[in-house]
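S.K.: Prediction below, plus the sequence it came from.
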Amino acid sequence: MKITFLGTGTSQGIPIIGSNHPVCLSNNSKDKRLRVSILVEWDNYTFVVDCGPDFRQQMLRANVTKIDGIIFTHEHADHTMGLDDIRPFFFKQGDIPLYAHKRVFKSLEKRFDYIFTSEEKYPGVPTVITHEIKNEPFTAGNLDVMPIDGLHHKLQVFGFRFKDFAYLTDMKTVRKEEVEKLENLDVLVVNALREKPHISHFNLEEALKFIKRVNPKRAYLTHISHHLGFHDDVQQKLPDNVFLAYDNLQITI
Ligand SMILES: [Zn+2]
């Protein structure tokens, strides 16, 4: 299984528009972060987790030529607003499968009503197939994917376990029985926004504590704010098996 980090930044991305913060001005490519998303590839399958406003750029940058589906963690704009750009895949492949909680579909139906309507579609508008995710394993390609249920402040969000890889973003609280689904992982990806506490995200300390509890072989941090600091400085402070993810990073499991 191959994972590509398509984006590792928090909701505004890094650099932030108009910002003079030193991290936003950094020349290190590892300090430039698009909105958070990953590509998960195995056998001949290609799935994307989340579809934020940078989706088009991310598909071009990673040279993705087909997708078997988009799996959503939750409905926030930085995870969904690129949905219109499934059009090139739709023109080539037909209806695009989407996987999400039913609440997320309700939200997408409001914002992208022209995609979800069944009447008098404007030519060129894509069509999707909706697969509702409940908190139980679901099939993606030839694989059973295990949702991990958590809270992003008060909003329900899903993380996902694919074999011995798990991806959790926008988590603040995860119940004990959900943490138990994360035993024996090779790789855990988890959000770590910044050092200061935040109402809806793990800060660095909480992320490191969570990693210790889950005890994967390796862990990667994502959904990073410019307030966390320069990539290279932060990496030096991390435990041996914990890495700061960066855009374009690929890992094989
Ligand atoms: Zn987010």
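M.R.: Now that the structure is in, tell me what you want to look at. Computed from a predicted structure; not experimentally measured.

S.K.: For the closest residue to His198 other than its chain neighbours, give me its contacts.
M.R.: If the residues on either side of it in the chain are set aside, His198 comes closest to Lys172, at 7.8 Å by Cβ to Cβ, 6 or more residues apart in numbering. Using the backbone N, CA and C atoms, a C-beta is placed for each residue, glycine as well. Counting by Cβ atoms under 8 Å, 6 or more residues apart in numbering, Lys172 touches Gly150, Leu151, His152, His153, His198, Ile199, Ser200, His201, Phe202, Glu206.

S.K.: For the stretch 101-250 of the chain, which segments are assigned as strands?
M.R.: Secondary structure of the stretch 101-250 of the chain, counting by DSSP state E, counting those that start in this stretch: strands at 128-132, 138-140, 143-152, 155-162, 165-168, 173-174, 187-191, 218-222, 242-244, 250-252.

S.K.: Starting from the third one, tell me which strands it pairs with and how they run.
M.R.: According to DSSP bridges, strand 143-152 has the following sheet partners: strand 138-140 (antiparallel), strand 155-162 (antiparallel), strand 173-174 (antiparallel).

S.K.: just how off-centre is it within its chain?
M.R.: The chain centroid and the centroid of strand 143-152 are separated by 12 Å, computed with Cα atoms, centre = their mean, to the nearest Å.

S.K.: Write out the residues of the stretch 1-150 of the chain neighbouring the ion.
M.R.: Asp78 (Cβ under 5 Å from the ion).

S.K.: What are the phi and psi values at the residue of the stretch 1-150 of the chain found nearest the ion?
M.R.: Nearest residue of the stretch 1-150 of the chain to the ion (Cβ to the ion) works out as Asp78 at 4.5 Å. Reported as degrees, to the nearest 10, the phi and psi values for Asp78 are phi -70, psi 0.

S.K.: residue contacts, it?
M.R.: Residues near Asp78 by Cβ under 8 Å, 6+ apart: Thr10, Ser11, Arg35, Val36, Gly52, Pro53.

S.K.: which SSE is the fifth one in?
M.R.: Element membership for Gly52 (DSSP states H and E) is empty, with no helix or strand holding it.

S.K.: Number of residues surrounding the nearest residue to it once chain neighbours are set aside?
M.R.: Excluding the flanking residues, the one nearest Gly52 by Cβ to Cβ, 6+ apart is Arg35, at 3.6 Å. Neighbourhood size, Arg35 [other Cβ atoms under 10 Å]: 28.

S.K.: For the stretch 51-200 of the chain, just list every one of the helices.
M.R.: For the stretch 51-200 of the chain, applying DSSP state H, counting those that start in this stretch gives helices covering 55-61, 77-80, 87-93, 102-111, 113-116, 176-179.

S.K.: Closest to the centroid, which residue in the chain?
M.R.: Geometric centre of the chain, nearest residue: Ser37, 3.6 Å, by Cα atoms, centre = their mean.
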